[in-house]
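Asks: Structure for the following, please:
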Amino acid sequence: MLYGTRYNSLAQVAQHLGVNSKTIVEPQQWLAAALDGSRRAMRYIVEQCVRDVLVLEKVIGALKAYSGTYNTYGSGF
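Replies: As a prediction, the model looks like this:
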């Protein structure tokens with residue numbers, strides 16, 4: 001676990017590193033997209049997923065400094 005965080009979630013790690021915070025999709029958005037077929041809800045979810053990937057990219061960039069080796073596969077093994 002990353003020191004200073006309660007969880008190893010993307011939101012906690014991003015907050016700890018000071019990068020943009022991960023966005024949250026409320027349960028009603030998921031239900032509207034999945035059960036009602038709402039295109040508006042699905043667009044919202046897709047936008048949040050894209051933002052989460054951008055946050056993850058920033059987290060990886062911040063954590064590279066702590067890794068001894070880094071390869072194109074993302075691991076140091």
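
Asks: Who are the packing partners of the one helix or strand R43 maps to?
Replies: Element membership for R43 (DSSP states H and E) is helix 39-63. When contacts are defined as 3 or more CB pairs under 8 Å, 6 or more residues apart in numbering; DSSP states H and E, helix 39-63 packs onto helix 10-17, helix 27-35. C-beta: built from backbone N, CA, C; applies to glycine.

Asks: most neighbours per residue, which of these?
Replies: Using mean count of other CB atoms under 10 Å, the stretch among the helices and strands packed on helix 39-63 with the largest mean neighbour count is helix 10-17, at a mean of 17.

Asks: and the direction of it versus that of helix 39-63, what angle?
Replies: Going by axes from the mean of the first three to the mean of the last three CA atoms, to 10 degrees, helix 10-17 is angled at 40 degrees with respect to helix 39-63.

Asks: Let's see the pLDDT reported for G61.
Replies: Among the per-residue scores, G61 holds a pLDDT of 87.

Asks: pLDDT value on the residue nearest the centre of the chain, please?
Replies: Centrality entry for the chain: nearest residue to the mean C-alpha point is D52, 3.9 Å, by CA atoms, centre = their mean. Listed pLDDT for D52 reads 91.
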